[in-house]
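>>> Following is a predicted model, sequence given first.
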Amino acid sequence: MAEHFEQAKTLMVEVVTPDANLFRGEARNVVVTTQLGELAIFPLHAPLVAELARGEMRIKTGDNPDDMRVYSVYGGYMSVSEDHMLVLADMAVELTNADIFNIKRDIDNMYDRLKRLPEDAVDERELLEKDIEWLDLSLTVAKRHQN
């Protein structure tokens, strides 16, 4: 029994979006934002499936404070079984070394585009508003973890 615990110091984590495989590797733990709040996942966690909320995900890859990967996640699902975790995110981006200035600039540019849209461009307006919401979330997460 002790041998099983010795082997389970890490969790194999995969983070996938419709566009890319963002991460595949070992982690000490993962913190995700679910519909019910933040949830910490450690090796040998009980089997679980949960819906992700808009928020952040932190993957602790080692023992040092700098061994942390930070992501902004915009919905999806996650599953855990013992030493494996799969995150299927609708949208996600790594923000570990994010350039906050560029994110702010992108948000400003989108607001400018939104102002110039004609009133009858409802579909384009909705898409821009969703993109702005996504960038606002990413900016919030990036600021929280800025060095």
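Noted; the coordinates are in hand.
>>> residues contacting Val16?
Contacts for Val16 (Cβ atoms under 8 Å, 6 or more residues apart in numbering) come out as Leu22, Leu86, Val87, Leu88, Ala89. From N, CA and C alone the C-beta is placed, and that goes for glycine too.
>>> and if we set it to 10 Å?
Leu22, Phe23, Arg24, Gly76, Leu86, Val87, Leu88, Ala89, Ala92 (Cβ atoms under 10 Å, 6 or more residues apart in numbering).
>>> List buried residues within those residues.
Leu22, Phe23, Gly76, Val87, Leu88, Ala89, Ala92 (16 or more other Cβ atoms under 10 Å).
>>> quick check: longest helix of this structure.
Determined from DSSP state H, the single longest helix within the chain is helix 122-144.
>>> Farthest pair within the buried ones among the contacts of Val16?
Phe23 and Gly76 (13.5 Å; Cβ to Cβ).
>>> which residues do these two both contact?
Val15, Val16, Met57, Val87, Ala92.
>>> Among those, find me the one that's closest to Asn64.
Nearest to Asn64 among these, counting by Cβ to Cβ, is Met57 at 19.0 Å.
>>> which residues does the closest one contact?
13, 15, 22-23, 30-33, 38, 69-73, 76, 78, 87, 89, 92, 94-95, 141 are the contacts of Met57 under Cβ under 10 Å, 6+ apart.
>>> In strands, which of those fall?
The strands, defined by DSSP state E, take in 13, 15, 22-23, 30-33, 38, 69-73, 76, 78, 87, 89, 92, 94 from the contacts of Met57.
>>> still on that earlier bit, Throw the buried ones among the contacts of Val16 into TSV and include distance to Thr61, thanks.
Rendered in TSV, the data for the buried ones among the contacts of Val16 read as follows (distance: Cβ to Cβ, whole Å):
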residue	distance to Thr61
Leu22	13
Phe23	9
Gly76	21
Val87	15
Leu88	20
Ala89	18
Ala92	16
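>>> thinking again about what came up before, from the ones in strands among the contacts of Met57, which would you call buried?
Among the ones in strands among the contacts of Met57, the ones that count as buried by 16+ other Cβ under 10 Å are 13, 15, 22-23, 30-33, 69-73, 76, 78, 87, 89, 92.
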